[in-house]
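Participant: Fold the stuff below for me.
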Amino acid sequence: MIEPTITKPRLGDLLRLAWPIVVSRSSQVVVGVTDAAMVAHLGEEALAATTAGSMNAYAFLILPMGTVFIVSAFASQLMGKGDPAGARRFAWYGLVVALAAQLVCLAASPFMDRFVALGNQPRGVAALMSTYLVYRLSTAGAAVGLEAIGNYYAGIRNTVLPMMAQVLAMVLNVALCWVLIYGRLGAPELGVRGSAIASALATLIAFVVLFVCFVLGVGQPDNDQPRGALRLRELGRTLRFGLPSGLNWFIEFAAFLVFIDVVVADLGTTVLAAMLAVFQINSVSFMPAFGIATAGSIFVGNAIGAGEKDAVPPTVSLTMKVAVIWQTVVGLLYLLIPTVLLAPFAPEGAPAFIATGAVVLRLSAVWQAFDAAANTLAEALRAAGDTTYPSIVRALIAWGVFFPGVYVSVRVLGGREVAATGWLAAYLLLLALVLWLRFKSGRWRSIEMTDPDLLPPASEIPA
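Facilitator: Coordinates of the predicted model:
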């Protein structure tokens with residue numbers, strides 16, 4: 001049965017759709033936090049290698065993952081048009097992207113040492129990072145595929161099933177980390193390598209479970225409309241709108257990664273480990289807010305698909321208010337109890353780690369509201385198919401303003417973690433402002449994502 005389209009969600013509608021997405025994204029945070037916390041006892045090098053290795057893994061994954069995020073936009077718009085079979089086809093196009101990502105990562109594995117050497121990591125950290133990346137990326141396709149199918153289900157407003165898959169991945173990761181990092185239950189003690197293997201296996205198993213559900217039609221609308229064969233023309237539209245969406249994420253993340261590997265890494269292992277721990281903690285604020293923004297974008301897609309574009313601005317306004325309130329509350333905790341939040345990541349006998357991390361964590365409270373606003377606007381524009389403009393402005397701000405500014409401040413003028421953190425806040429403020437101006441311009445109203453020639457005749461669309 002096809003649920004009625006909601007084009008003007010109330011707070012209750014938004015929260016009902018959002019909470020499973022929030023749980024899903026939060027479970028991904030738990031995976032990263034677990035990896036970092038469980039290796040912390042091995043020392044600062046192990047902690048830096050695991051957290052930096054996790055971030056560098058996303059250097060390979062963020063482009064295909066960002067590309068398949070567009071699946072939810074297509075699915076939500078097609079559901080608004082009453083075409084659930086068309087929505088399902090776009091999940092398969094996302095899986096094509098996942099397969100390509102897996103092949104690229106396998107081809108890159110033999111050159112991982114050279115990739116890590118491009119950064120400025122200390123020698124001990126670099127060696128551990130290389131090993132971590134090889135194992136973690138061995139199931140890269142599963143990670144992207146999990147996002148592709150999850151975004152399809154989100155687009156048809158079934159956010160519970162992908163949530164269950166992500167929670168499964170989280171539980172498996174925690175259990176496997178405990179076994180493989182520490183050498184429990186007769187397993188060898190693998191340390192950093194065990195952390196990577198645990199994450200890879202957990203992701204693979206969760207993907208297989210969700211893929212089987214998808215193929216069997218679990219949690220999908222029941223209708224008599226024929227599904228039809230996959231179409232190259234639709235795959236082309238997926239890439240046309242999806243690749244700018246992926247580049248949107250990749251460009252920003254690449255700037256952030258170079259910031260970590262080139263600028264922060266030069267400040268020493270203690271500062272590097274502290275900054276990376278702070279970013280792990282910040283993901284606790286970011287991921288739920290991103291889940292709320294994603295839920296809002298699904299209603300945006302429904303409204304556009306149903307031809308009710310005037311319902312979009314109120315939805316974006318509601319979504320932004322909820323996301324900003326959440327991140328502001330978390331920011332207050334950063335100000336009040338930074339040392340408590342940093343304690344799980346602190347290696348034994350490392351007061352400098354706590355002192356540095358506390359300063360950075362307090363400063364990160366400044367950008368929480370800007371981050372929430374930028375996420376909400378970016379997700380709304382993506383749902384409307386406006387993906388090229390945001391990717392261009394991110395590139396200009398990230399590489400034309402943020403990175404030159406932070407590089408000069410730290411490497412030339414001798415600034416340290418305070419200067420680096422200040423530039424992050426400035427970047428998010430400027431990005432939120434530019435995306436707000438783009439949304440207010442209304443250019444997204446003229447974009448047509450779905451191809452009218454590929455929609456079923458009106459007589460075949462369920463009422």
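
Participant: okay, and for the stretch 251-400 of the chain, where does confidence drop off?
Facilitator: Applying pLDDT under 70 to the stretch 251-400 of the chain picks out residues 265-266, 347-350.

Participant: In the top helix by length along the chain, which residues are buried?
Facilitator: As assigned by DSSP state H, the longest helix anywhere in the chain is helix 269-305. Residues of helix 269-305 classed as buried under the neighbour-count rule (16 or more other Cβ atoms under 10 Å) are 269-305. C-betas here are computed from N, CA, C, even on glycine.

Participant: Likewise for stretch 91-105?
Facilitator: Quick answer for stretch 91-105 (16+ other Cβ under 10 Å): Ala91, Trp92, Tyr93, Gly94, Leu95, Val96, Val97, Ala98, Ala101, Gln102, Cys105.

Participant: wait, which of these is closest to Gly12?
Facilitator: Gly12 lies nearest to Ala91 out of the buried residues of stretch 91-105, by Cβ to Cβ, at 27.8 Å.

Participant: element containing that closest one, please.
Facilitator: Ala91 is part of helix 84-108 when elements are defined by DSSP states H and E.

Participant: Now do the following helix or strand past that helix: distance to the chain's middle.
Facilitator: Following helix 84-108 in sequence order, the next helix or strand is helix 112-117 (DSSP H and E). Between the centre of helix 112-117 and the centre of its chain there are 24 Å (Cα atoms, centre = their mean, to the nearest Å).

Participant: how about the strands in the stretch 201-350 of the chain?
Facilitator: For the stretch 201-350 of the chain, no strands are identified by DSSP state E, counting those that start in this stretch.

Participant: re the thing from before, which one of the buried residues of stretch 91-105 is nearest to Val258?
Facilitator: Cys105 (20.1 Å).

Participant: Is it correct that the closest one is in contact with Leu137?
Facilitator: Yes: Cys105 lies in contact with Leu137 (Cβ atoms under 8 Å); the separation is 4.3 Å.

Participant: where do the contact lists of the two overlap?
Facilitator: Residues touching both Cys105 and Leu137 (Cβ atoms under 8 Å, 6 or more residues apart in numbering) are Phe60.

Participant: What count of nearby residues applies to Leu190?
Facilitator: Leu190 is flanked by 18 other residues according to other Cβ atoms under 10 Å.

Participant: Specify the local secondary structure of it.
Facilitator: coil (DSSP: H, G, I helix; E, B strand; the rest coil).

Participant: got a list of what the closest residue to it other than its chain neighbours touches?
Facilitator: Nearest non-adjacent residue to Leu190, counting by Cβ to Cβ, 6 or more residues apart in numbering: Leu180, 5.0 Å away. The contact partners of Leu180, taken as Cβ under 8 Å, 6+ apart, are Ala187, Pro188, Leu190, Arg193, Gly194, Ser195, Ile197, Ala198.

Participant: For Met38, give me its contacts.
Facilitator: Cys177, Trp178, Ile181, Tyr182, Ser195.

Participant: and the residues you listed as CSV, adding secondary structure?
Facilitator: Below are those laid out as CSV (three-state DSSP):
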residue, secondary structure
Cys177, helix
Trp178, helix
Ile181, helix
Tyr182, helix
Ser195, helix
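
Participant: out of those, who has the most neighbours?
Facilitator: Of the contacts of Met38, with other Cβ under 10 Å as the count, Ser195 tops at 31 neighbours.

Participant: Once you drop chain neighbours, what's closest to that residue?
Facilitator: Here the residue nearest Ser195, using Cβ to Cβ, 6+ apart, is Asp35, at 4.6 Å.

Participant: Just list the residues touching that neighbour, thanks.
Facilitator: Applying Cβ under 8 Å, 6+ apart to Asp35 gives the contacts Thr50, Thr51, Ser54, Asn173, Cys177, Ser195, Ala198, Ser199.

Participant: Quick one: buried ones out of these?
Facilitator: Buried members of the contacts of Asp35, counted by 16+ other Cβ under 10 Å: Thr50, Thr51, Ser54, Asn173, Cys177, Ser195, Ala198, Ser199.

Participant: So which bits of the host helix or strand of Thr34 are buried?
Facilitator: Assigned by DSSP H and E, Thr34 belongs to helix 11-39. By 16+ other Cβ under 10 Å, the buried positions in helix 11-39 come out as 13-14, 17-39.

Participant: Now Tyr389. Nearest residue, chain neighbours left out?
Facilitator: Here the residue nearest Tyr389, using Cβ to Cβ, 6+ apart, is Arg438, at 5.9 Å.

Participant: OK, contacts around Leu428?
Facilitator: Trp367, Phe370, Asp371, Ala374.

Participant: my bad, should have said Ala229
Facilitator: Applying Cβ under 8 Å, 6+ apart, no residues contact Ala229.

Participant: For it, give its distance to Gly86.
Facilitator: 12 Å (Cβ to Cβ, to the nearest Å).

Participant: and what of Pro351?
Facilitator: With Cβ to Cβ as the criterion, Pro351 and Gly86 are 59 Å apart.

Participant: between the two, who's got more neighbours?
Facilitator: Remark: of Pro351 and Gly86, Gly86 carries more neighbours, 24 against 8, as counted by other Cβ under 10 Å.

Participant: The more buried one touches Leu78, doesn't it?
Facilitator: Yes: contact criterion Cβ under 8 Å: Gly86 and Leu78 qualify, at 4.5 Å.

Participant: what touches both of those two?
Facilitator: Joint contacts of Gly86 and Leu78 (Cβ under 8 Å, 6+ apart) are Thr450.

Participant: Distance from the chain centre to the helix holding Ala91, please.
Facilitator: 17 Å.

Participant: Next, the angle from it to helix 269-305.
Facilitator: Put simply, helix 84-108 runs at 160 degrees to helix 269-305, going by axes from the mean of the first three to the mean of the last three Cα atoms, to 10 degrees.

Participant: Which neighbouring elements make contact with helix 84-108?
Facilitator: If you count contacts as 3 or more Cβ pairs under 8 Å, 6 or more residues apart in numbering; DSSP states H and E, helix 84-108 packs onto helix 44-68, helix 70-80, helix 140-155, helix 232-258.

Participant: mind checking which of those is nearest Ala206?
Facilitator: Of these, the one closest to Ala206 (Cβ to Cβ) turns out to be helix 140-155, at 6.1 Å.

Participant: helices or strands up against the closest one?
Facilitator: helix 44-68, helix 70-80, helix 84-108, helix 160-182, helix 192-216, helix 269-305.
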